[in-house]
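A.B. asks: Dropping the sequence and predicted coords here.
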Amino acid sequence: MRIFLDTANLDELRKAARLGVVSGVTTNPSLAAKEGTGDLKSYRSVIQEIAGIIDGPISAEVISTDAAGMIREGRDIATWHPNVIVKLPSTLAGLEAIATLAKEGIKINQTLCFSVNQALLGAVAGTTFVSPFIGRLDDEGHDGMELVADIVKVFKEYHYPTQVLAASVRTPLHCTQAAKVGAHIATMPYKVLTQMMHHPLTDIGVARFLEDWNRTMKL
Ligand code: E4P
């Protein structure tokens, strides 16, 4: 499973890049606004800066809600950098935009996916990635991971090339489970990435080795 970072924060991206495991980035209008990049010009320059840090797919999301607007924005976003992926919502207008832009060779991340049917239609229309939102489904009392597993199963059954990008990841357990059900990618906040590597027994083990070493050296 590939690891993407779900952030527009350049410091986090630089720290994460040093770990050597991040191969892509996802952003959305909320994450961009959090970094103070709430207009298209600064969103573009942040995406271009991110592209200089992480050499892999970088999702930038449209804000239009109608198909014509999404298509227009998508064409523009696709010119920002060769690694940029246009993020489109799982709506009817989004589906129309996916179909149009995919035919033009533009890579798409179908976002805000909450059902197998939405993922299925996106795959048929030619989306490159589909992003089921685990945490937001869990918040509503559903099982977000079950959706990821179902989409993986359906895509395998019909040999769709669309990759399943597990999103709205909130905990390290989400990462383990996404890997177990066969998600191609998990995108996560920087904090979750660091939590993935943490284990208290590792810390205790390191401290004990050091203690024993120092005691022996004093003898
Ligand atoms: C993914 O592409 C989204 O930006 C993200 O995972 C949403 O996560 P949230 O539900 O924690 O906001």
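C.D. replies: Ah, there it is.

A.B. asks: Flag the shaky bits of this protein, pLDDT-wise.
C.D. replies: Residue ranges of the chain with pLDDT under 70: 38, 218-219.

A.B. asks: now the strands: where do they sit in this protein?
C.D. replies: 2-6, 22-26, 58-61, 84-89, 108-113, 129-132, 163-166, 185-188 (DSSP state E).

A.B. asks: Tell me which of those sits most buried.
C.D. replies: Sort the strands of the chain by mean neighbour count, taking mean count of other CB atoms under 10 Å, and strand 129-132 sits at the top with a mean of 29. C-betas here are computed from N, CA, C, even on glycine.

A.B. asks: Kindly point out the strands partnered with that strand and how each is oriented relative to it.
C.D. replies: Here strand 129-132 is paired, per DSSP bridges, with strand 108-113 (parallel), strand 163-166 (parallel).

A.B. asks: Next, format those as a markdown table and append distance to the ligand.
C.D. replies: What follows is these, written out as a markdown table (distance: least, CB to the nearest ligand atom, whole Å):
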| stretch | distance to the ligand |
| --- | --- |
| strand 108-113 | 6 |
| strand 163-166 | 7 |
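
A.B. asks: Of all the ones you listed, which one comes closest to residue 140?
C.D. replies: Nearest of the strands paired with strand 129-132 to residue 140, taken as CB to CB: strand 108-113 at 13.2 Å.

A.B. asks: Straight-line length of stretch 100-110, end to end?
C.D. replies: End-to-end span of stretch 100-110 (CA to CA, to the nearest Å): 13 Å.

A.B. asks: buried residues in that stretch?
C.D. replies: In terms of neighbour count (16 or more other CB atoms under 10 Å), stretch 100-110 has its buried residues at 100, 101, 102, 106, 107, 108, 109, 110.

A.B. asks: Taking the residues you listed, tell me the two that lie furthest apart.
C.D. replies: Spatially, the most separated pair among the buried residues of stretch 100-110 is 100 and 109, at 15.6 Å (CB to CB).

A.B. asks: which ones are touching the residue nearest the centre of the chain?
C.D. replies: Nearest to the geometric centre of the chain sits residue 187, at 3.3 Å (CA atoms, centre = their mean). Taking CB atoms under 8 Å, 6 or more residues apart in numbering, we find residue 187 in contact with 3, 4, 5, 6, 24, 25, 26, 131, 165, 166, 167, 169.

A.B. asks: Relative to residue 61, how far out is it?
C.D. replies: In this view, residue 187 and residue 61 are 13 Å apart by CB to CB, to the nearest Å.

A.B. asks: and what of residue 174?
C.D. replies: 21 Å.

A.B. asks: out of the strands paired with strand 129-132, which comes closest to residue 197?
C.D. replies: Nearest to residue 197 among the strands paired with strand 129-132 is strand 163-166 (18.2 Å), distances taken as CB to CB.

A.B. asks: how about the residues of this protein near the ligand?
C.D. replies: Counting by CB under 6 Å from any ligand atom, the chain comes close to the ligand at 6, 26, 28, 111, 131, 133, 135, 136, 167, 168, 187.

A.B. asks: wait, isn't the second one in contact with residue 165?
C.D. replies: Yes: under the contact definition of CB atoms under 8 Å, residue 26 touches residue 165, with a separation of 7.5 Å.
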